[in-house]
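Novice: what follows is a predicted protein model with its sequence.
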Amino acid sequence: MTHHNTPRVLLAADRSSAGKTTICTGIMAALSRRLCVQPFKVGLDYIDPSYHTLACGRACRNLDGYLMTEDAVLETFSHALGDEKANLAIIEGVRGLHEGFEGLSDLGSTAQIAKILKCPVVLIIDARSITRSAAAVAMGYSALDPEVDIRGVILNKIGGGRHAEKAIAAIEHYTGIPVIGVVPRDEKMGLTMRHLGLVPVHESKRSPEFRERIANIMQIVSENIDLDRLVEIAKSAEPLNMSGKSIFAGAGIADYDTGKRVRIGVALDEAFNFYYRDNIDLLELHGAEIVYFSPLHDATVPTVDGIYIGGGYPELFAEELEANMRMRQSIRRASSDGMPIYGECGGLMYLARTMVTKSGMHGMSGETFEMVGAIPVTVEMGGKVVSYNVGSFTTETPIGRPGDSFKGHEFHHSSITDIPDDSVFAIRLERGIGIKDGKDGLLVENTLAEYAHLHACSYLRFAEAFVEACRSR
């Protein structure tokens, strides 16, 4: 049994689009100038954590109470703090504080994570056009679940001094909860949006305005939020008791001799950057050396034993991906040769034969582009699927065998068409949409391509199975 005394605070919101991610990123960036901040994100988002990672200089970790057991949440939290260098943990919530998997419990919600981690909460309220009603909002959130310890409020989108005075007076009078920050309406606090959310950091870095925007957000947050008081709230968190390691207790690279180690190529660039850091850590713990490569910019896949192509926005880079013919051909050859290849959502789209973009959708042209062709299907942009999914493998694959089951999620604006009649689907879904008729995971040779996103702290077979498939090749 171990104990964690690291100060920690959870920043939640009263609703989606309350400006939570912008404020969290600014707080993390400002406090990282004087403390070692470990960031976390509730839920399965990829993009918000990329901002937090950039702000803190430490990889953000995801925590999800629907996918993960309570022990898995605690161990993931502990693993991120394992080097003991971090002296403050900041956790960004998802949607509103109490939104979750269902309406009558906290399953999958920010509130659930706050209770598991015994974490004080600071509530960010979108105060546009409300004053005394802000007290009702704070009071309602505090009263719904008394086990959630709301210790402070940050008011966002405040119109001016008189607006702030009324809202602060009402909240503190009726609830006794201190207001520790008042953030004004300011166009400099905006972060660019698109069809799946914020623009990823890997892509935003192309813009010369990106660093300036983050700097402006940090300055506004520093001037308008009492960061010292926030740290004091974090220090008040009671110690956490942790059981021994079970997830991050892999054999470890050191336990494999050079002949048994494997190299896994991970696609990472502007088009593909949706990865959970814990997935990478667990692949390494099970004996893999991670070799990053770019389907956009590199000529061919490096010398590896397996390939992992995660999600992202390949549709926005379809022309460039098509133009890099040598890369597409090298991946196609690797697939034909039986190399274990795992493509997840964006990876599925890239491994397909062709991609049809949708005219007018975030600058897309509505043309057809050639992709890798390892999976003989067409990807068509359009529609929207956002869902947790639950499924099991029906055949042997690089990441699972018959009977292995998982909880995951899918989030995409595309569908798969022109599916051959003799296609092999490796996954049967109990919950979710998948590729077709409740089935997911197209399998060709040793290449598996699916819409399901998997978190290795939820689906524990992922890292072990993929590394072993690469080693056995």
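Specialist: Ah, there it is.

Novice: residue 280 is in contact with residue 463, correct?
Specialist: No: using CB atoms under 8 Å as the test, residue 463 is too far from residue 280 to be in contact (9.1 Å). C-betas here are computed from N, CA, C, even on glycine.

Novice: quick one: which of these two has more around it?
Specialist: More crowded of residue 463 and residue 280, by other CB atoms under 10 Å: residue 463, with 26 against 21.

Novice: please name the residues that touch that one.
Specialist: 250, 279, 282-283, 285-286, 288, 456 (CB atoms under 8 Å, 6 or more residues apart in numbering).

Novice: so where's the stretch 1-150 of the chain shaky on pLDDT?
Specialist: For the stretch 1-150 of the chain, residues meeting the criterion pLDDT under 70 lie at 1-3, 83-84.

Novice: ok, 50 please
Specialist: Across the stretch 1-150 of the chain, nothing is flagged by pLDDT under 50.

Novice: what does the stretch 201-350 of the chain give?
Specialist: 253-256, 258.

Novice: quick one: the strands in it?
Specialist: All strands of the stretch 201-350 of the chain, identified by DSSP state E, counting those that start in this stretch, fall at 240-242, 262-267, 272-274, 288-293, 306-309, 311-312, 341-344.

Novice: now the helices for this structure?
Specialist: 20-31, 47-56, 70-80, 110-116, 133-144, 161-175, 201-204, 210-224, 227-235, 277-285, 318-323, 325-336, 346-351, 461-472 (DSSP state H).

Novice: hmm, who's touching the third one?
Specialist: Residues from elsewhere that reach helix 70-80 (CB under 8 Å, 6+ apart): 2, 4, 38, 40, 58-59, 61-65, 68, 86, 89, 113, 116-117, 240, 242-243, 245-248, 278, 281, 457-458.

Novice: list only buried entries from the residues you listed.
Specialist: 4, 38, 40, 58-59, 61-65, 68, 86, 89, 113, 116-117, 240, 242, 247-248, 278, 281, 457-458 (16 or more other CB atoms under 10 Å).

Novice: in space, what's closest to residue 245 - neighbours in sequence excluded?
Specialist: Distances taken as CB to CB, 6 or more residues apart in numbering place residue 75 nearest to residue 245, at 6.5 Å, with adjacent residues excluded.

Novice: counting neighbours, what do you get for residue 417?
Specialist: 14.

Novice: same thing with residue 102?
Specialist: 10.

Novice: please apply the same query to residue 173.
Specialist: So residue 173, with other CB under 10 Å, has 10 neighbours.

Novice: residue 371 now?
Specialist: 25.

Novice: quick check: it touching residue 321?
Specialist: Yes: with contact defined as CB under 8 Å, residue 371 and residue 321 form a contacting pair (6.7 Å).

Novice: could you name every residue contacting both of the two?
Specialist: 314, 328, 350.

Novice: any chance of those in a markdown table, with neighbour count and distance to residue 34 too?
Specialist: Below are the shared contacts of residue 371 and residue 321 laid out as a markdown table (neighbours: other CB atoms under 10 Å; distance: CB to CB, whole Å):
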| residue | neighbour count | distance to residue 34 |
| --- | --- | --- |
| 314 | 30 | 39 |
| 328 | 21 | 47 |
| 350 | 29 | 42 |
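
Novice: and those residues, which is closest to residue 186?
Specialist: residue 314 (33.9 Å; CB to CB).

Novice: who is residue 89 paired with across the strands?
Specialist: residue 8, residue 38 (DSSP bridges).

Novice: ok, it - contacts?
Specialist: 6-9, 37-40, 77, 80-81, 234.

Novice: any chance of those residues in JSON lines, with distance to residue 264 too?
Specialist: Listed next are those as JSON lines, based on distance: CB to CB, whole Å:
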{"residue": "6", "distance to residue 264": "31"}
{"residue": "7", "distance to residue 264": "36"}
{"residue": "8", "distance to residue 264": "32"}
{"residue": "9", "distance to residue 264": "36"}
{"residue": "37", "distance to residue 264": "29"}
{"residue": "38", "distance to residue 264": "26"}
{"residue": "39", "distance to residue 264": "25"}
{"residue": "40", "distance to residue 264": "25"}
{"residue": "77", "distance to residue 264": "26"}
{"residue": "80", "distance to residue 264": "22"}
{"residue": "81", "distance to residue 264": "26"}
{"residue": "234", "distance to residue 264": "37"}
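
Novice: neighbour-wise, which of these leads?
Specialist: residue 39 (29 neighbours).

Novice: quick check: that one touching residue 50?
Specialist: No: Residue 39 is not in contact with residue 50 according to CB under 8 Å; the separation is 10.4 Å.

Novice: now the common contact residues for the two.
Specialist: By CB under 8 Å, 6+ apart, the residues touching both residue 39 and residue 50 are residue 60.

Novice: mind giving me the domain split of this structure?
Specialist: If you go by automatic domain parsing, the domain ranges for the chain are 2-242, 253-472.

Novice: how about stretch 224-237: buried residues?
Specialist: 224-227, 230-234, 237.

Novice: nearest to residue 100, of these?
Specialist: Closest to residue 100, out of all of these and judged by CB to CB, is residue 237, at 21.9 Å.

Novice: which residues touch the nearest residue to residue 226 once chain neighbours are set aside?
Specialist: Leaving aside its chain neighbours, residue 226 sits nearest to residue 180 (4.7 Å; criterion: CB to CB, 6+ apart). By CB under 8 Å, 6+ apart, the contact list for residue 180 reads 122, 152-154, 225-226, 229-230, 233.

Novice: swap in 10 Å and give it another go.
Specialist: Under the criterion of CB atoms under 10 Å, 6 or more residues apart in numbering, the contact list for residue 180 reads 122, 151-155, 225-230, 232-233.

Novice: make CSV out of the residues you listed and add distance to residue 218.
Specialist: Converted to CSV, the contacts of residue 180 look like this (distance: CB to CB, whole Å):
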residue, distance to residue 218
122, 17
151, 23
152, 19
153, 21
154, 15
155, 19
225, 11
226, 15
227, 11
228, 16
229, 18
230, 14
232, 20
233, 20
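
Novice: quick one on the thing from earlier: with distance to residue 445 added, can I get the strands of the stretch 201-350 of the chain in a markdown table?
Specialist: Formatted as a markdown table, the strands of the stretch 201-350 of the chain follow (distance: least, CB to CB, whole Å):
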| stretch | distance to residue 445 |
| --- | --- |
| strand 240-242 | 42 |
| strand 262-267 | 17 |
| strand 272-274 | 21 |
| strand 288-293 | 20 |
| strand 306-309 | 12 |
| strand 311-312 | 22 |
| strand 341-344 | 8 |
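
Novice: just give me the longest strand of the protein.
Specialist: strand 375-393 (DSSP state E).

Novice: show me what that strand packs onto, helices and strands only.
Specialist: Secondary-structure packing of strand 375-393 (3 or more CB pairs under 10 Å, 6 or more residues apart in numbering; DSSP states H and E): helix 346-351, strand 352-356, strand 368-370, strand 405-417, strand 424-431, strand 439-444, strand 447-450.
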